[in-house]
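In: The sequence isn't on hand, but the structure is:
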């Protein structure tokens, strides 16, 4: 287990503050993609409050960040979703450089918006957050095979949606 986490578990406030500093941006982005930027700050803050209260129960079976994502995931499900939680720039962390790229990005955001919540969640966890199948499964509380299956169906639906919009790459 990360020595910083162990120190925080023993009540070291500096270690706890460092864990928050180290993880806040990732947790905020995670929340913003799910509940929108309006609610993300509140949900991220609640994630860290919950984590601090539960830290002694953290057993290190997953990385600390994956554990935080699990808490954030549960809180995001309870939070009111904004009408458009995924925006073009939030979705993939890169800026298109041409007008054609902007049109493709718009088509991608529309295609992402057509996914069910379960399918969008696995795409965000695996493709955007970079979690492994097993880590995504831990966050969602489902078997890794379910994550793989949902990804397969999500990508099939994304391909069909993008082709219907004329995006052929």
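Out: Everything's here; your move. Predicted model only: the values in this text are computed from it and were never measured.
In: now for the lengthiest helix in the chain, which elements pack on it?
Out: Using DSSP state H to define each element, the chain has its longest helix at helix 13-35. For helix 13-35, the packing partners by 3 or more C-beta pairs under 8 Å, 6 or more residues apart in numbering; DSSP states H and E come out as helix 3-9, helix 37-54, helix 64-78, helix 88-92. Glycine gets a C-beta too; all of them are placed from N, C-alpha and C.
In: Check which residues of that helix are buried.
Out: Buried residues in helix 13-35, defined by neighbour count with 16 or more other C-beta atoms under 10 Å: 15-16, 19-20, 23, 26-35.
In: what's the answer for stretch 123-133, then?
Out: Under 16+ other C-beta under 10 Å, the buried positions of stretch 123-133 are 123-126, 128-129, 131, 133.
In: Same list, those residues, but as a markdown table with distance to residue 149 please.
Out: As requested, the buried residues of stretch 123-133 are arranged in a markdown table below (distance: C-beta to C-beta, whole Å):
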| residue | distance to residue 149 |
| --- | --- |
| 123 | 13 |
| 124 | 16 |
| 125 | 14 |
| 126 | 12 |
| 128 | 19 |
| 129 | 19 |
| 131 | 16 |
| 133 | 10 |
